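K.L.:
Predicted coordinates and the sequence they were generated for:
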Amino acid sequence: MTIKMVDTLIPEYMKEFSCIGSACEDTCCSGWRVDIDEVTYKKYKRVDNLEMKAALEKNVIRNRSNPTSSNVAKMKMRHLKCSFLDNEGLCSIQLKLGEDYLSNTCTVYPRRINKVNGMLERSLTVSCPEATRLVLLKPDGIKFEQNQEVAPSRNLTSVTIDTPEKVSHWKDFFNEYRYVTISILQNRKHSLEDRLLILGMLYNELEEYLQDNKIEQIPSLLGRYLDCVEDETFIGEFNNIPNRLEIKLRLCRELVVLRLTEGITSARFLECSRDMISGLKIEANLSEDEINKNYEYSFGKFYSPFIKNHEYMLENYLVNYVFKNCFPIDCDSPFESYARMVVLYSLIKLHLIGMANHYEGLSSDHVIKLIQSLSKTFEHNGQVFEKLMNLLKENKFITLTYMSILIKN
Ligand code: SF4
């Protein structure tokens, strides 16, 4: 029998991951919906183990509204956790029936698999605490390696991309965007904020190229930016971005409202959010001026000194985001894709500044807890994040000026 091999591209951290099971401070299914795909659902119908058969009949519910082959049913949740999680926090389906009986969702999580021009790309989502540690705690940055592995027996691919040889659409330059974006994000000649601002200029200019139908000129645009980050072109370019803290605080207040109205269930995110609110004293009826003062005090006294030595954690979050999400072709507009990443970055920074004031300092554990729970709440809950993005769109805030203010302040 010939073994089918497949080319892979993976961040090096992938080799270090294994689930820490009952030692995990959050479990995968806590506060989530666990979908069951069609093949697994049929397997559950044929289970012989009488105890498990009864449990599956009771706790696997058919999805009656617009089911697809990947979500024909879902798990019943008990106290916001999957009904099959035992008292030690372990999955009883895996323990009693074996790994083959896990649904596609549970088999793949917290991995993400994309297929780009036939190559499998694996990465980890930072909504898992152990994955977050592996992704963020790499002071030298995330490195990638190409390899080969046995082709998987199940198709667990999230996104498949095939770029044609003859380019006709801006998305056909996917590999080039990603190479340039990650190169800029990892170029430590510039501060991380400046790297994000350079990307903003690039994707804004790309948007203008698309409006002028200059698709064939996109490679030279990307090349020009790559050259400019290497020379002095951008040095001092961003010193005059206005200090508009009130815009940041408006985002913060919207978040507080969202937190109250959208039924956010991640206990770890709610703790971070509560610490941020307490640190900035947002709910203490303080005037905007006083909140600004708290923000600036925490920024200067706690956040900046910590981030100066740990900027790589935020860089690694962004690089992983770009790789995992197939940035920037995950949206119909490249600038919108950029704006989504900036809003997430800005939410992280805002929370860390508030948390730093609350704890009178920051540690890597604070950053890990925040990024993991924020990713679980916003990146994996389309609805809450879409509400926030729609709000920004309605207020015409998806612009380079507004994004620059969010990054810089
Ligand atoms: S969240 Fe990650 S470490 Fe925790 S149980 Fe799930 S896969 Fe394991």
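P.N.:
Happy to help now that I have it.

K.L.:
And whatever residue of the stretch 51-200 of the chain ends up closest to the ligand, how close does it get to S364?
P.N.:
At 3.2 Å from the ligand, C128 is the closest residue in the stretch 51-200 of the chain, using CB to the nearest ligand atom. All C-beta atoms are positioned from the backbone trio N, CA, C, and that covers glycine. As judged by CB to CB, to the nearest Å, C128 and S364 stand 17 Å apart.

K.L.:
who has more neighbours, these two?
P.N.:
Shown here are C128 and S364; by other CB atoms under 10 Å, C128 has more neighbours (24 against 13).

K.L.:
Leaving out sequence neighbours, find the closest residue to that one.
P.N.:
Nearest residue to C128, sequence neighbours excluded (CB to CB, 6 or more residues apart in numbering): P110, at 3.5 Å.

K.L.:
L344 too?
P.N.:
Per CB to CB, 6+ apart, closest to L344 is F378, 6.5 Å.

K.L.:
would you put the C-alpha positions of the lowest-mean-pLDDT helix or strand in the chain in PDB?
P.N.:
When each helix and strand of the chain is scored by mean pLDDT, DSSP states H and E, helix 245-261 comes last, with a mean of 72. Provided in PDB are the C-alpha atoms of helix 245-261 (Å, rounded to 0.1, in the frame of the first residue of the first chain):
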ATOM      1  CA  LEU A 245      -8.200  59.400  23.800                       C
ATOM      2  CA  GLU A 246     -11.900  60.200  23.800                       C
ATOM      3  CA  ILE A 247     -12.300  58.000  20.700                       C
ATOM      4  CA  LYS A 248     -10.600  55.100  22.500                       C
ATOM      5  CA  LEU A 249     -12.800  55.600  25.500                       C
ATOM      6  CA  ARG A 250     -15.900  55.600  23.300                       C
ATOM      7  CA  LEU A 251     -14.900  52.100  22.100                       C
ATOM      8  CA  CYS A 252     -14.400  51.200  25.700                       C
ATOM      9  CA  ARG A 253     -17.900  52.300  26.700                       C
ATOM     10  CA  GLU A 254     -19.400  50.500  23.800                       C
ATOM     11  CA  LEU A 255     -17.700  47.400  25.000                       C
ATOM     12  CA  VAL A 256     -19.100  47.800  28.500                       C
ATOM     13  CA  VAL A 257     -22.600  48.000  26.900                       C
ATOM     14  CA  LEU A 258     -21.900  44.900  24.700                       C
ATOM     15  CA  ARG A 259     -20.700  43.000  27.700                       C
ATOM     16  CA  LEU A 260     -24.000  43.700  29.500                       C
ATOM     17  CA  THR A 261     -26.300  43.100  26.500                       C
END
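
K.L.:
helices or strands next to it in the packing?
P.N.:
helix 267-280, helix 288-298, helix 334-359, helix 382-394, helix 400-408 (3 or more CB pairs under 8 Å, 6 or more residues apart in numbering; DSSP states H and E).

K.L.:
Buried residues in the longest one, which are they?
P.N.:
Residues of helix 334-359 classed as buried: 334-358 (neighbour count, 16 or more other CB atoms under 10 Å).

K.L.:
that older thread, the residue of the stretch 51-200 of the chain closest to the ligand and Q372 touch, don't they?
P.N.:
Yes. Using CB atoms under 8 Å, C128 is in contact with Q372, at 7.1 Å.

K.L.:
Determine the residues that are contacts of both of these two.
P.N.:
Common contact partners of C128 and Q372 (CB atoms under 8 Å, 6 or more residues apart in numbering): D26.

K.L.:
re earlier: state the distance from the residue nearest to L344 to R154.
P.N.:
Separation of F378 from R154 (CB to CB) stands at 28 Å.

K.L.:
before we move on, what about L392?
P.N.:
Computed as CB to CB, the L392 to R154 distance reads 38 Å.

K.L.:
Name the residue in those two with the higher neighbour count.
P.N.:
L392 (19 against 12).

K.L.:
Quick check: nearest residue in space to the more buried one, chain neighbours excluded?
P.N.:
I398 (5.8 Å).

K.L.:
Tell me which helix or strand R122 sits in.
P.N.:
strand 119-124 (DSSP states H and E).

K.L.:
Could you give me the buried positions within that strand?
P.N.:
For strand 119-124, a neighbour-count test (16+ other CB under 10 Å) marks 120-124 as buried.

K.L.:
count of residues packed around the closest residue to Y177 other than its chain neighbours?
P.N.:
Closest residue in space to Y177, ignoring its immediate chain neighbours: P328 at 5.6 Å, by CB to CB, 6+ apart. For P328, the count of nearby residues is 26 (other CB under 10 Å).

K.L.:
Can I take it that P328 is in a helix?
P.N.:
No. Counting by DSSP: H, G, I helix; E, B strand; the rest coil, P328 is located in no helix; its state is coil.

K.L.:
Is it correct that it is in contact with V342?
P.N.:
No. Here P328 lies out of contact with V342, judged by CB under 8 Å, at a distance of 11.8 Å.

K.L.:
who touches the residue lying closest to C272 once chain neighbours are set aside in this structure?
P.N.:
Excluding its sequence neighbours, the residue lying closest to C272 (CB to CB, 6+ apart) is L370, at 4.8 Å. Going by CB under 8 Å, 6+ apart, L370 touches 272, 348, 351-352, 355.

K.L.:
nearest to the ligand, of those?
P.N.:
Out of those, the member with the shortest distance to the ligand (by CB to the nearest ligand atom) is C272, at 16.7 Å.

K.L.:
looking at it, P110 is touching S127, isn't it?
P.N.:
Yes. Taking contacts as CB under 8 Å, P110 lies within contact range of S127: 6.5 Å.

K.L.:
between those two, who's got more neighbours?
P.N.:
For P110 and S127, the more surrounded residue by other CB under 10 Å is S127, and the numbers stand at 24 against 18.

K.L.:
Fine, thanks again, bye for now.
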